[in-house]
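Visitor: Pasting a predicted model and its sequence here:
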Amino acid sequence: MIFHLAVTSLSVSWPWYVVRAGGLTAMVLLMLIIASGIGMVTGLTYRFMEPLKAWALHRALSIAMIGAMLVHILFLLVDKFVSFSLVDILVPFSVNYENSTLFGIQVGSLWNALGIISAYLLVIVTVSSLLIIESQKRTWRWLHWLSYPLAVMLYFHVLFLGTEFKDGILRLAWLAVGAVLFVGILARLRRSNPSTSTADA
């Protein structure tokens with residue numbers, strides 16, 4: 001009986017597990033992307049691999065992240081526990097999901113909206129890196145700076161909506177990840193100005 005209930009529950013809820021797995025995979029990949037990008041700017045990455053290999057890895061991680069994010073988004077359409085329509089997953093603030101407050105101010109479905117916006121930014125950054133990095137390097141460089149607001153948006157999306165990070169040790173661990181992310185981005189911003197930098201973001 002217990003086994004039957006467990007199998008039935010899993011058969012109904014498996015899309016939700018795929019959604020969570022896709023989201024967590026995307027976030028881990030983003031952290032690796034940010035780390036490798038900052039590593040290329042500072043030269044730290046080149047201590048471990050050649051520049052061409054480092055760039056190829058950076059690009060491959062970005063493409064893999066798009067795949068993970070697509071899994072996360074598309075499986076929301078088939079999940080039975082949280083009903084999202086195509087509009088809900090494409091248009092920020094179009095769904096009232098996990099409405100919350102920030103410093104006592106109602107922010108509605110802000111955390112969900114940040115996830116949607118970050119998905120669009122990811123596509124912009126990745127596609128521009130594939131198509132215009134050589135032909136329009138200045139434009140590409142400006143677009144590549146979107147990686148950092150993308151990382152911040154996705155971080156808060158996970159912090160406030162991630163089932164695993166609601167409380168306990170995992171939430172503390174995620175807060176620690178946020179501190180490292182903040183320091184890394186701050187160090188990158190202090191290193192160069194986007195209008196004068198000739199390095200990759």
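Guide: Happy to help now that I have it. Predicted model only: the values in this text are computed from it and were never measured.
Visitor: Would you map the strands across this protein?
Guide: Secondary structure of the chain (DSSP state E): strands at 100-102, 105-108.
Visitor: is it true that Val41 touches Arg190?
Guide: No - judged on Cβ atoms under 8 Å, Val41 makes no contact with Arg190 at a distance of 11.4 Å. Glycine gets a C-beta too; all of them are placed from N, C-alpha and C.
Visitor: Between these two, which is the more surrounded one?
Guide: Between Val41 and Arg190, counted using other Cβ atoms under 10 Å, the more crowded position is Val41 (17 against 8).
Visitor: From Ser85, how far off is that one?
Guide: Remark: distance between Val41 and Ser85 (Cβ to Cβ, to the nearest Å) = 41 Å.
Visitor: Nearest spatial neighbour of Ser128, chain-adjacent residues omitted?
Guide: Of all residues beyond its chain neighbours, the one nearest Ser128 is Leu143 (4.5 Å), with distances taken as Cβ to Cβ, 6 or more residues apart in numbering.
Visitor: Could you check how many residues crowd around the one you found?
Guide: Under the criterion other Cβ under 10 Å, the count of neighbours that Leu143 has is 20.
Visitor: count of residues packed around Gly168?
Guide: A count of neighbours around Gly168, defined by other Cβ under 10 Å, yields 9.
Visitor: gap between it and Leu175?
Guide: As it turns out, when the distance is counted by Cβ to Cβ, Gly168 lies 11 Å from Leu175.
Visitor: Check Lys53 too.
Guide: To Leu175, Lys53 is 33 Å away according to Cβ to Cβ.
Visitor: residues contacting Ile133?
Guide: Taking Cβ atoms under 8 Å, 6 or more residues apart in numbering as the contact definition, Ile133 lies against Trp140.
Visitor: what's the spacing between it and Val91?
Guide: If you measure Ile133 against Val91 using Cβ to Cβ, the figure is 30 Å.
Visitor: same deal with Gly162?
Guide: Where Val91 is concerned, Gly162 sits at a distance of 22 Å (Cβ to Cβ).
Visitor: the more surrounded of the two?
Guide: Counted by other Cβ under 10 Å, Gly162 and Val91 do not tie: Gly162 has more neighbours, with 17 against 12.
Visitor: Now the more buried one. Its backbone dihedrals?
Guide: In terms of degrees, to the nearest 10, the main-chain angles of Gly162 are phi -60, psi 120.
Visitor: I appreciate the help and will end here.
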